[in-house]
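Q: Structure, please.
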Amino acid sequence: MLAEDRVYRLIKLLLYTAKEENVEVTPTKIQKIFFLLEKEKGVQLGLDFEPFIFGPYSEKLKDYLRQTN
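A: Got it, this is the predicted structure:
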């Protein structure tokens, strides 16, 4: 499975779970969750995080989120 497909599936799973649990998910929270998936759990997604104002940030992840909506 391509990393891009994995990212889209994980985004959809995260949003579905948040809806089922009635939890608000903001773009900042999504950035942090995916950062932790890569750095702490070793999930290879190729998102190229860099430090930013509110924490880790990936322009690639931002693009994936735009295309998911």
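
Q: Now the element after the helix or strand that contains Pro56, going C-ward?
A: Here Pro56, judged by DSSP states H and E, is contained in strand 55-57. Using DSSP H and E, the helix or strand that follows strand 55-57 in sequence is helix 59-68.

Q: Flag every buried residue along that next one.
A: Neighbour counts over helix 59-68 (16 or more other Cβ atoms under 10 Å) mark 60-61, 64-65 as buried. (Each C-beta comes from the backbone N, C-alpha and C, glycine too.)

Q: repeat for stretch 41-59
A: Across stretch 41-59, burial judged by 16+ other Cβ under 10 Å covers 45, 47, 49, 56-58.

Q: With only the CA atoms kept, save it in CSV.
A: Presented in CSV, the C-alpha positions along stretch 41-59 are these (Å, rounded to 0.1, in the frame of the first residue of the first chain):
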residue,chain,number,x,y,z
LYS,A,41,5.0,4.5,16.7
GLY,A,42,7.3,4.4,13.7
VAL,A,43,4.5,4.5,11.1
GLN,A,44,6.2,5.5,7.8
LEU,A,45,4.0,8.1,6.1
GLY,A,46,6.6,10.4,4.6
LEU,A,47,5.0,13.6,5.9
ASP,A,48,8.2,15.6,6.5
PHE,A,49,7.3,17.4,9.7
GLU,A,50,9.0,20.6,10.7
PRO,A,51,8.7,22.8,13.9
PHE,A,52,6.0,25.4,13.7
ILE,A,53,4.1,27.8,16.0
PHE,A,54,1.7,25.3,17.4
GLY,A,55,3.9,22.3,17.2
PRO,A,56,5.0,19.9,14.4
TYR,A,57,3.7,20.8,11.0
SER,A,58,3.5,19.0,7.6
GLU,A,59,2.5,20.9,4.4
